[in-house]
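Chemist: Quick check, what structure comes out for this input:
(2 chains)
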Amino acid sequence: MKIAWTFTLAVVTAAVVMIPTRLFAHHSFAAEFDASKCRDFTGTLTKIEWTNPHGFFHVDVKDADGTVHNWSFQTYALITLRRAGTSLELFKQNIGKEVWVRGCEAKNGRPFYAAAGSLKFASDGVLRQMGQLQD
Amino acid sequence: MSARIQPGVLCGAAVALLCAYVVVVYGQGGGAAAAQNRTTEYAIKVMPPGGPPPRLPDGHVDLSGHWLPNSAGQGVSGRDGVDPAARRQFDPRATPEEKPAFQPWAEAKIKAMTPVELELSKSSVNCMPRGLPAIWLQNPYSTVIVHTPTMMAQLYEVLNNWRLVYTDGRPVPKDPEPWFHGTSTTHWEGDTLVVNSFGFDERTYVMPTGWFHSDAMKVTERYTRPSKNYLIVQITVDDPKVLAKPWRSAARRWTLGNGEVYEFYCTNNHELDELGKLKEQESYGK
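Modeler: As a prediction, the model looks like this:
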């Protein structure tokens, strides 16, 4: 019994310690995007909007039934992308090429709109952080 | 039965995981050996002090520099291999930051905000100027300071905002028009530049927690540069209409960078529309 209590205490303490870094990781993720609707997307990069307060890149993604939808993915502010080594030029070089994205869908039900967490261009296979998801 | 994991083993694993997490996330625990490991393990480390601070021709400490809100002297968000201690502006265990003591009506007003209303109040979402003191408390981007014996210019990357703080002792109006950065007077206390400001635009928030302020808010900034690579900014907020007592921030570290300063005009903000739709859905749900 004592061991069970100690175990419970350890788990609860771990949860409490971990919660703040998750909740305060990003200013708007939890309010705007649905952490229960995060998944991997693979498709063709079609467009980049190099703007603030967020960038957006667009990807043609094929559904299971073969229908193609153009998804819009929100990124960090450009300052953060640039300081992390991700440039506009990199996106431009990959337009029309394959890209993998981990993203979470919008809470308000807007279709084909998501926050991007990480991205890999097939051209170099480097994992790049695009935003901070809480999935 | 023999394949079942014993509760004691689970308990030990949980405690070990917890300890590992605390060491990794909260950084500076773990003793000298762990500290030594960190210095070799992380690509982005805590910046060294860098020698004595530069001085202005009048002998005061020169606060000029390109300052980043962390302990690394470079960007840390969205990057791997960063020492957790280098991500921070202060160590909450060493210098915990007190919680603001709100008056009951102010506390009730904040608690009544819905999650979407809270989100919409944030300058990082609505693109309103952060203003003082939020520009020093909730700003993840860099600030360039140009300091002369008579003036300190603060050039903020975020929203391309800027502020001039005159240090030449010029008189200020008793009842100034409300500005996002207020109206300021300054004096030196040894090597600390003290800036007292009042007369604020009431549309800003002190923290992105719904902490609003009144027209009676007064802000004191204390700037020190203990060494070349470190700027320390400590903020005190006195708002007798909202707070039960003045609030003191931790002494927050900013470190000297040599990278580029970027433009940041807020021109493509989808968040207001998207959160607006959520607010409508929230209203229907009531």
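Chemist: Can you tell me the SS state at residue B:109?
Modeler: helix (DSSP: H, G, I helix; E, B strand; the rest coil).
Chemist: So for the closest residue to it other than its chain neighbours, what's the pLDDT?
Modeler: Spatial nearest neighbour of residue B:109, excluding adjacent residues (C-beta to C-beta, 6 or more residues apart in numbering or on different chains): residue B:212 at 7.4 Å. Placement of C-beta: from N, CA and C, glycine included. Predicted confidence (pLDDT) for residue B:212: 98.
Chemist: next one: phi and psi at the nearest residue to residue B:263 once chain neighbours are set aside?
Modeler: Nearest in space to residue B:263, with sequence neighbours left out and distances taken as C-beta to C-beta, 6+ apart, is residue B:160 at 6.5 Å. Note on residue B:160: backbone dihedrals following degrees, to the nearest 10 are phi 50, psi 40.
Chemist: Now do the same contact list for residue B:160.
Modeler: For residue B:160, the contacting residues are B:263-265, taking C-beta atoms under 8 Å, 6 or more residues apart in numbering or on different chains as the criterion.
Chemist: Over to residue B:156?
Modeler: B:130, B:135, B:139, B:141, B:143, B:162-163.
Chemist: ok so, going back, how many neighbouring residues does the residue nearest to residue B:109 have?
Modeler: Here the count is done by other C-beta atoms under 10 Å in any protein chain shown, and residue B:212 has 20 residues near it.
Chemist: Okay, residue B:226 and chain A: tell me how far apart.
Modeler: Look at residue B:226 and chain A: by C-beta to the nearest C-beta, to the nearest Å, they are 25 Å apart.
Chemist: That residue sits in which helix or strand?
Modeler: When secondary structure is defined using DSSP states H and E, the element that contains residue B:226 is strand B:218-227.
Chemist: quick revisit: can I get the buried part of the contacts of residue B:160 as one ChimeraX selection?
Modeler: Burial among these is assessed by 16 or more other C-beta atoms under 10 Å in any protein chain shown; the matching ChimeraX selection reads:
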select /B:264
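Chemist: Residue B:236 - how many residues pack around it?
Modeler: The number of residues packed around residue B:236, counting by other C-beta under 10 Å, is 16.
Chemist: ditto for the one 4 residues further on
Modeler: Here the neighbour count serves as a burial measure; for residue B:240 (other C-beta under 10 Å) it reads 13.
Chemist: likewise residue B:207?
Modeler: Residues near residue B:207, counting by other C-beta under 10 Å, number 16.
Chemist: Which residues are in contact with it?
Modeler: Counting by C-beta under 8 Å, 6+ apart, residue B:207 makes contact with B:100, B:134, B:137-138.
Chemist: Might you list the low-confidence residue ranges for chain B?
Modeler: B:1-40, B:285-286 (pLDDT under 70).
Chemist: Which parts of chain A are helices?
Modeler: A:2-23, A:29-32, A:78-83, A:88-93 (DSSP state H).
Chemist: Could I get the full set of helices for chain B?
Modeler: With DSSP H applied, chain B shows helices at B:7-25, B:31-41, B:84-87, B:104-111, B:115-120, B:123-126, B:134-137, B:271-285, listed in chain order.
Chemist: Strands of the chain, residue ranges please.
Modeler: Going with chain A. Assigned by DSSP state E, the strands in chain A fall at A:33-49, A:56-62, A:68-74, A:98-106, A:113-121, A:127-129.
Chemist: Oops, wrong one, chain B.
Modeler: For chain B, the strands defined by DSSP E cover B:65-68, B:143-148, B:151-156, B:162-166, B:183-189, B:192-198, B:205-207, B:211-212, B:218-227, B:230-238, B:247-248, B:252-256.
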